[in-house]
Structure formats: structure tokens, C-alpha cells
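**Q** whatever this is, show me its structure:
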Amino acid sequence: MNLELRHLRVVCAIAETGSVTKAASTLGLAQPALTAQLQRIERTLGGPLFERDRRGARPTALGELVLARARVLLPAMKGLQDEAARLAGAGDAPRRYRFGGMNSPILGRLVHRLAAEQPQAQISTYASWSADELAQSVAGGRLDYALIGVCGDSAPSAEFGLCWREVAVDPVMVLLPETHPLADRDEVRLVDLRHEQWVAAPGEGCFGDCFAAACARSGFTPRKVYEADVRGCVDLVDAGEAVALCQATFRPVAGLVTRRLAGTPLRWRLLLGWHPDSPAALGADLVLETALAAYTDALAPHPAYLAWLMRNPEFGVHGPKAAGPVVGARGVRTA
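**A** Take a look at the predicted model:
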């Protein structure tokens, strides 16, 4: 493992709080994850950095050496980033936004808003079904930002050191033909779909397991589950061959309807990620603000869902809360 600035931040956090547990809370990490990260750092440096007991964590001689260097390097890097940002802002070069998206419902509106506000900006997009691939591309400097979705309270992988911020959380809905016997209901019980075949877009993470668990809680095992891209999902539902799980802001399609699942057994969190040491971090607040506005734009074609959000404030936009370097259910620091 190569030592990175984010590792130095971890060492400083433990020294400043005097405890791995307190440092984990400060960084928004689970304590076992921070412990594992500290062990990797110590293996890389060749020895323990802290003496740990019930009274807390105290730096060893090696730890004091690392802390002395870190307290010079971290402010210096921050100063370099600030100066680079000022220099870039003073020039005529257009800003660059390289987005990676994983079946994102707001990517188009986000790009539209940025292009309208910054006509000279260089904007590009890249699609993947893999959140880890997008995170790795951001960490490697090939992308600036990643827009991904995660199931329920799960968090993106901590391996790539990205900052994650929650854009919104929505209940997962079901896509039905408008001729379906349940299409006239405002919400549908999952158990009432036990005889259906299903279709879903590919992806990674725990969503498939969460869906199977939700079905099990309703007393059944789902029948055949097709896998297709978004267009293929629409075609299979339109043909009456399957029903599909979909995002709440799924664009209306003639002949199809979206319906809430009773009790909201599945939730989907939309996250924006970037690397804290990249130039993109300097523009992250603006991009996050634009992503929140893009999500609001996506609600316009869904007045019934918007009204439901007003009655259920735990869903929808909650503001720029941290999900990264991860923050729990509303944000995740994956340092």
C-alpha cells in the first residue's frame, strides 16, 4: 500500500482525539474500519504508531515522527490546492466536469444546469453499472465526480478514499403496465406481487439481497428475475412479461405506471462522490448544490410523489449531509 494524504489525516485524527473510537466518530467511520485502516498504515510504515489501552491511544516514537511530518504536509497541500484554484480562476481556461453515473436519474438535469450556468465548461459523462469502477476512476483522476445509488443504509466501499454526500433518499417503487390489475392503487403490497416475474437493471452491492429479504419478510420467494438495461426493463414490463423495481423519479412512459410499495420495504440513496485531494474537491459544493437542484427538477413530472414527500419528510432531499471520508445513513465518510 502506498501512503497517501488521507492516511496522514487518519493518524492526526487519532492523535488529536486520543482514541481510535473517538477518531472514527469524528471521521464518520465505523470503528472496526478505522482500526483496519490504521493496521494497514502501520504495516506500510513498519511499526506501531500508537500505544493503545483502555485509557486511549498515545503516539509511539514512530507515531510522533509521522505526526510531525503530517502536520507540515497537510497544511502545505491545502495551501497548494488553494493557490492552484486561485490561479485557475484567474485564467481563461474553462472549468472541467467529468461525471460518472450509475443508472442516475439526475445526471441529465445536472449536466443541463451546469452547461447553462457555465457555457464554457468542459463537461463529459461516463456510464457504468459498477459503483466501485466509478469510485476507482475518481480516485485515479480519470473522473471528477461519481453519481451512484446505494440500498437502504449501506455505504460505498471505503477502499478508494472518496468523500460521499447524500443527494436524496427515495422509496423504491414498482413499474407496472397500466392494464395491470393493481395499477389503479396508489400503493401496492409486495406480497400481492408474489406471482409476478421481475426485471431489474444490473448492478452491484446489496440491492438484490435486500429485495430477496423484503420478499421473504412478505412470505414468498420471487419468481424469475430478468436482467436488462433500462430500455430492456421498460420493454419487458410493456410486454406484460414482468414487473420492475424502479426509482421514484423514473420518467413517465406511455402505457406504464409507477406505484409505491406499501410500507416502503426498500429505499434507494443517491450519492455524489469525489476525492478530497483532487482539484474537483474545490468545486464540490457547487456541484452538490446543482445536484440537489437537479433532483428537485426531477420531481416536477411526479406531482403525486411530491405530495407524498411533503407528508413523509424522512425521504427526499435532506440537504448537503456528509456520506463520506462516510457518515452513517445520511452520509458516509469512506476515508
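**Q** count the neighbours of residue 49 for me.
**A** In terms of burial, residue 49 registers 23 neighbours under the definition other C-beta atoms under 10 Å. From N, CA and C alone the C-beta is placed, and that goes for glycine too.
**Q** could I get the contacting residues of it?
**A** 11, 14, 38, 41, 42, 59, 60, 62, 63, 66 (C-beta atoms under 8 Å, 6 or more residues apart in numbering).
**Q** among those, which one has the most neighbours?
**A** Neighbours here are counted as other C-beta under 10 Å. On that basis the top member of the contacts of residue 49 is residue 14, with 29 neighbours.
**Q** per-residue confidence for residue 2?
**A** Reading off the confidence values, residue 2 has pLDDT 77.
**Q** and the gap between it and residue 280?
**A** For residue 2, the distance to residue 280 (C-beta to C-beta, to the nearest Å) stands at 21 Å.
**Q** looking at those two, which is more packed in?
**A** For residue 2 versus residue 280, neighbours defined as other C-beta under 10 Å are more numerous around residue 280 (22 against 5).
**Q** that's a helix at residue 170, yeah?
**A** No: the assignment for residue 170, made by DSSP: H, G, I helix; E, B strand; the rest coil, is strand rather than a helix.
**Q** in contact with the nearest residue to it once chain neighbours are set aside, which residues?
**A** Leaving aside its chain neighbours, residue 170 sits nearest to residue 248 (4.0 Å; criterion: C-beta to C-beta, 6 or more residues apart in numbering). When contacts are counted by C-beta under 8 Å, 6+ apart, residue 248 touches 170, 171, 172, 173, 258, 268, 302, 305.
**Q** could you rerun that using 7 Å?
**A** Contact partners of residue 248, counting by C-beta atoms under 7 Å, 6 or more residues apart in numbering, are 170, 171, 173, 305.
**Q** so what's the backbone phi/psi at the last one?
**A** This means residue 305. The main-chain torsion angles of residue 305 are listed as degrees, to the nearest 10 and equal phi -70, psi -40.
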